[in-house]
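>>> Give me a 3D structure for the following:
(one chain, ligands or ions: 1)
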Amino acid sequence: MDRKKPWAEPYKIKMVEPVKMTSWQERKQFLKEAGYNTFLLRSKDVYIDLLTDSGTSAMSDRQWAGIMMGDEAYAGSENFYHMEEAIQKFYGYKYVIPTHQGRGAEHLISQIMIPEGDFIPGNMYFTTTRLHQELAGGTFVDVIVDEAHDSESEIRFKGNIDLQKLQDLIDRVGADRIPYVCMATTVNMAGGQPISLKNLREVRELTQKYQIPIVHDMTRVAENAFMIQQFEEGYQEYSCAEIVKMICDLTDSATMSSKKDALVSIGGFMATNDPVIFEEARNLVVVYEGLHTYGGMAGRDMEALAIGITESVSDDHIRARVGQVHYFGQRLKEAGIPIVEPIGTHGVFLDAKKFLPHLTQDQFPAQALAAAIYLESGVRTMERGVVSAGRNKETGKHNYPRLELVRLTIPRRVYTQAHMDVIAESVEYVYANRDAVRGLEMTYEPKYLRFFQARFEPCPFVGEKTRMKKKRLNWRSRMLA
Ligand SMILES: Cc1ncc(COP(=O)(O)O)c(C=O)c1O
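As a prediction, this is how the structure comes out:
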């Protein structure tokens, strides 16, 4: 990052919410009750919550004032028009359909655009996005650059699409069986990695040749724009808002989880420049989400979103947001912790395969590591590995992703630098005692998006590599015992 400007927060704190540390014995019990799945913990039992950056932002005084201006009319709420104006102004899409959150928009676009048997290329999968594509009868095809699957590769725009992979898919299945290319800014499952504008332009050129539209998963578009401003040649003089607009202008439709970039607790939307898709979405939304002027959101939430969008593209805000993530990542890196590099924008991702080399991927190392971090420190993190990857739709076997990660996601405007230091120390402590962390076995597996509700138990020691057994014995009574 540009060292000349500090990343200090461009705000002061007006209201605080107490957090409480629990004892190790308590956490051991909570973890057991939660089936070793951090999604199943109660938030009151968490000290610092890095489960997600979704819906966890601190809203500004202006947003809270906006909440008081909620026009809770069933139809034609004034707040909808404010939200629509903000989306058109900052993102540039012509037509807007509100949804209760991102997956609501993914559902609509998948149902509208994907005929049974079609293929949807994308820059790595996202859990809900892929599931909606599959439920519509499509097959997701990963066309991200190879480096995205390698936690050590330090190329700057690891979210980019590999044009050759995309061309190969077009040649193999035919352009008419590709309803759209899904381009995410940034790529969550790769560690929060951005795309470059150069790559997006090239993808645009290729897809236009075949008349394939681009659907933009714009969940973290402002963070992506910041990385372009910092690292892509030729964009240093542009504001984050201008770059956001450039990205959106190169795409045809979008899905958005406003719970991330846009600084609200709930909400999302689908947007498009295509009047035919808009007409269908405007009709379908009433079946699944609500009338087309609220789509599952309260008027007050739409107002907070309109204001949140404006704040999210401010250079000062985004510099502080990504600056904090980088400060934290740098601390872990300096302590020798294996993290995904380069550091992304919404969190720091631990490489669980390298962190816990004594576990096989069948023992869910990232899940085990997330559990161990909670047990030792009360910090809640999330698995992004084999559990999140689910099962292959044809064979029913586990998908084994190359990246087996624990995500430490930083909520926006919520925690301080001291919190970052405490978390870093906690991870360092677990790393120093990593040999004692036991693998897990899955005892309950839900059918859809299993990572949310699956339950686990610690593996017996039998079958684990014995290299570290001796050391582990001292720890047996502590870590996940
Ligand atoms: C890249 C990406 N797309 C889509 C979604 C889904 O959004 P939501 O959780 O609002 O349904 C998420 C949520 O984490 C995401 O990170």
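
>>> Only C-alpha atoms from now on, for both contacts and neighbour counts.
Fine.

>>> for Gly122, phi and psi?
Backbone geometry at Gly122, expressed as degrees, to the nearest 10, gives phi -150, psi 160.

>>> That one - nearest residue in space that isn't next to it in sequence?
Leaving aside its chain neighbours, Gly122 sits nearest to Cys182 (4.6 Å; criterion: Cα to Cα, 6 or more residues apart in numbering).

>>> Touching, that neighbour and Tyr125? I think so.
No. Between Cys182 and Tyr125 there is no contact under Cα atoms under 8 Å: 9.3 Å.

>>> of the two, who's got more company?
Higher neighbour count among Cys182 and Tyr125: Cys182, with 26 against 22, using other Cα atoms under 10 Å.

>>> Checking my notes, the more buried one in a strand, right?
Yes. Under DSSP: H, G, I helix; E, B strand; the rest coil, Cys182 falls within a strand.

>>> Which pLDDT value goes with it?
Looking at Cys182, its pLDDT reads 98.

>>> show me the contacts for it.
Ile120, Pro121, Gly122, Asn123, Ile214, Val215, His216, Asp217 (Cα atoms under 8 Å, 6 or more residues apart in numbering).

>>> what about the nearest residue to Met69 once chain neighbours are set aside, neighbour count?
Spatial nearest neighbour of Met69, chain neighbours left out: Arg300 (6.4 Å); criterion: Cα to Cα, 6+ apart. For Arg300, the neighbour count with other Cα under 10 Å is 23.

>>> what does the one 4 residues further on give?
Burial of Ala304 is recorded as 30 neighbouring residues (other Cα under 10 Å).

>>> what's in contact with the helix or strand hosting it?
According to DSSP states H and E, Ala304 maps onto helix 299-312. Residues from elsewhere that reach helix 299-312, judged by Cα under 8 Å, 6+ apart: 59, 62-64, 66-73, 77-80, 82-87, 90, 222, 258, 261-264, 266-267, 294, 317-318.

>>> quick check, that helix touching the ligand?
No. Under the criterion of Cα under 6 Å from any ligand atom, helix 299-312 makes no contact with the ligand; the nearest approach is 13.1 Å.

>>> In that helix, which residues are buried?
Residues of helix 299-312 classed as buried: 299-312 (neighbour count, 16 or more other Cα atoms under 10 Å).

>>> how distant is it from the center of its chain?
20 Å (Cα atoms, centre = their mean, to the nearest Å).

>>> Quick check: next helix or strand after it?
helix 315-334.

>>> helix or strand right after that next one?
Next element after helix 315-334 (DSSP H and E): strand 347-351.

>>> packing partners for that following strand?
The helices and strands touching strand 347-351, judged by 3 or more Cα pairs under 8 Å, 6 or more residues apart in numbering; DSSP states H and E, are helix 315-334, strand 405-409.

>>> List of residues touching that strand?
So strand 347-351 is contacted by 151, 191-192, 325, 328-329, 337-340, 366, 403-410 (Cα under 8 Å, 6+ apart).

>>> and that strand, is it in reach of the ligand?
No. Taking Cα under 6 Å from any ligand atom as the criterion, strand 347-351 and the ligand are apart, separated by no less than 11.4 Å.

>>> From the contacts of helix 299-312, list the buried ones, please.
Buried, going by 16+ other Cα under 10 Å: 59, 63-64, 66-67, 69-72, 77-80, 82-87, 90, 222, 258, 261-264, 266-267, 294, 317-318, out of the contacts of helix 299-312.

>>> check the residues you listed against the ligand, which are close?
Okay, of the buried ones among the contacts of helix 299-312, nothing touches the ligand (Cα under 6 Å from any ligand atom).

>>> Would you mind listing what in the stretch 101-250 of the chain touches the ligand?
Gln101, Gly102, Arg103, Phe126, Thr128, Asn188, Thr219.

>>> ok, which pair from those is furthest apart?
Greatest spacing in these, by Cα to Cα: Gln101 and Asn188 (16.4 Å).

>>> list the contacts for the residue with the shortest distance to the centre of the chain?
Residue closest to the average C-alpha location in the chain (Cα atoms, centre = their mean): Asn188, at 4.1 Å. Counting by Cα under 8 Å, 6+ apart, Asn188 touches Phe126.

>>> follow-up on the earlier one: turn the buried residues of helix 299-312 into TSV, including pLDDT and distance to Leu40.
Below are these laid out as TSV (pLDDT from 0 to 100; distance: Cα to Cα, whole Å):
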residue	pLDDT	distance to Leu40
Gly299	98	30
Arg300	98	29
Asp301	98	26
Met302	98	29
Glu303	98	31
Ala304	98	28
Leu305	98	28
Ala306	98	32
Ile307	98	32
Gly308	98	29
Ile309	98	31
Thr310	98	34
Glu311	98	32
Ser312	98	30
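
>>> Strands of the stretch 101-250 of the chain, start to end?
With DSSP state E, counting those that start in this stretch as the criterion, the stretch 101-250 of the chain has strands at 119-122, 139-142, 181-184, 214-217.

>>> Could you single out the most deeply buried of those?
Among the strands of the stretch 101-250 of the chain, ranked by average contacts under mean count of other Cα atoms under 10 Å, first place goes to strand 181-184 (a mean of 26).

>>> Kindly write the PyMOL command that selects the buried subset of the residues of the stretch 101-250 of the chain next to the ligand.
To isolate the buried members of those in PyMOL, using 16+ other Cα under 10 Å:
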select buried, resi 101+102+103+126+128+188+219
